[in-house]
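Trainee: make a model of this:
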Amino acid sequence: MIKINMHLLFKTAIAVVCILAVTNYITSSTLATNNSSNKSRSVNGWMPYWAQSKSFTSVINNPEVFNEMSPFWYDATSSGDLKPLKNSEEKQIITYAQNKKLTLTPLISNEFNSGLISTIVNDPALMQNHIQNIVNRVTSKNYTGIDLDYENVLPVDQDAFTIFVQKLANALHQKNKVLFVTLAPKTKATEHPGQDYKAIGEVADKVRIMAYDYSWATSSPGPIAPVEWVNNVLSYSTSVINPKKIELGIPDYGYDWSGSKGKGINYLQAINNATLYRANVTEDPKSGPHYTYSDKNVNHTVWFENEASIKSLLDLVNKYNLNGISIWSLGGEDPTIYSAINEKFPSITNIALK
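Mentor: Take a look at the predicted model:
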């Protein structure tokens, strides 16, 4: 039989425990250093320039949630330049992102102008100038990359737009920068034909799918992001794009319709109006809460999002094993959505300990 030295065994066990503890501490510290958020999925906040201060406060108040920020900072111009918007290039936001090691991808928009994008992508010299201006701005400001939100691309411009995205991705990657592309929601290839999901998904580092506005300002009143429809959007998108590249656009807003037009409102405004007019809110986790009220003999219908409805969308993120979410937009959201995100997307360290 082998004679066991109990004293030596005890000392060895203690040493092993100490090594494991130190290793665990180093690993946890590294994760915390590499990113202020250790979520199992990425969480981005779109930050509109008109509510930038409130949006930034949402990020600061929830450091365990966010690992990405995309402030609305630029518009494209017909000359291929980048037009800075109000509150753009806010030094406080840039410094915060760098100190917390957050992914900072400011958003550049075409303001829904189809003709603008058509002009740029069909002129090789203008396209190259636009690409160079984007790369120069990203590198000079030391952003992580850019979030390209060019909407209403004409069907005839699909190929030209795809080439533009490919060239922009290559130019950014040469500088070790990333390209995120924000896309309109599709349930089949023929919808929004100006954007080729498959081709864009192959070259972009991430795609952010705006799976909301199922009902919109000039439509009939209805849900913003019903689960059944969002599920159909993800069923199609994941069939042509790697799910690990997809961030689901999560709405936290609503509309107040009267007559034939709806007014955009955030969660806090929806709740305050319900209280003011003593409206009975119908809770509907699959379609979103809603209610009606009358003001000066004018009938109103309100649909919006809250923690319960957003939880249903987070379940879809887990169902399709997506990269994460992008929240549109920060600044007036239901504050309890962050507990829902923490619940549905546990931290990496907590998962490892299970």
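Trainee: what helix or strand is the closest residue to residue 266 other than its chain neighbours on?
Mentor: Excluding the flanking residues, the one nearest residue 266 by Cβ to Cβ, 6 or more residues apart in numbering is residue 332, at 2.9 Å. Every C-beta, even on glycine, is put in place using the N, C-alpha and C of the backbone. Residue 332 belongs to no helix or strand when assigned by DSSP states H and E.
Trainee: shaky segments in the stretch 101-250 of the chain?
Mentor: Across the stretch 101-250 of the chain, nothing is flagged by pLDDT under 70.
Trainee: that one: helices as residue ranges?
Mentor: With helices called from DSSP state H, counting those that start in this stretch, the stretch 101-250 of the chain shows them at 114-121, 124-140, 158-174, 197-203, 227-240.
Trainee: give the buried residues for the first one.
Mentor: Same thing as helix 114-121. 114, 116-121 (16 or more other Cβ atoms under 10 Å).
Trainee: which of those lies closest to residue 128?
Mentor: Taking Cβ to Cβ as the measure, residue 128 sits nearest to residue 120 out of those, at 10.0 Å.
Trainee: quick check, residue 226 in contact with residue 284.
Mentor: No. Applying Cβ atoms under 8 Å, one finds residue 226 not in contact with residue 284, separated by 9.0 Å.
Trainee: these two - which one has more neighbours?
Mentor: The residue with more neighbours, out of residue 226 and residue 284, is residue 226; 21 against 17, by other Cβ atoms under 10 Å.
Trainee: from residue 303, how far out is the nearest residue to the more buried one once chain neighbours are set aside?
Mentor: Among residues not flanking residue 226 along the chain, residue 287 sits closest, at 4.6 Å (Cβ to Cβ, 6+ apart). Residue 287 sits 8 Å away from residue 303, taking Cβ to Cβ, to the nearest Å as the criterion.
Trainee: okay, and the common contacts of these two?
Mentor: When contacts are counted by Cβ atoms under 8 Å, 6 or more residues apart in numbering, residue 287 and residue 303 have residue 223 as shared neighbours.
Trainee: can you pull the contacts of residue 177?
Mentor: Here residue 177 is in contact with 135, 138-139, 143-146 (criterion: Cβ under 8 Å, 6+ apart).
Trainee: distance of it from residue 134?
Mentor: In terms of Cβ to Cβ, residue 177 sits 9 Å off from residue 134.
Trainee: so residue 166 is in contact with residue 201, correct?
Mentor: No. Residue 166 is beyond contact range of residue 201, at 11.6 Å (criterion: Cβ under 8 Å).
Trainee: how many residues are close by residue 59?
Mentor: Look at residue 59: counted by other Cβ under 10 Å, it has 25 neighbours.
Trainee: shared neighbours, residue 177 and residue 134?
Mentor: residue 146.
Trainee: hmm, back to that, okay if I get the helices of the stretch 101-250 of the chain as CSV plus distance to residue 78?
Mentor: Formatted as CSV, the helices of the stretch 101-250 of the chain follow (distance: least, Cβ to Cβ, whole Å):
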stretch, distance to residue 78
helix 114-121, 6
helix 124-140, 8
helix 158-174, 15
helix 197-203, 23
helix 227-240, 31
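Trainee: relative to residue 80, which of those is closest?
Mentor: Once those are compared by Cβ to Cβ, helix 124-140 is nearest, at 3.6 Å.
Trainee: and the direction of that closest one versus that of helix 158-174, what angle?
Mentor: Computed by axes from the mean of the first three to the mean of the last three Cα atoms, to 10 degrees, the angle separating helix 124-140 from helix 158-174 equals 30 degrees.
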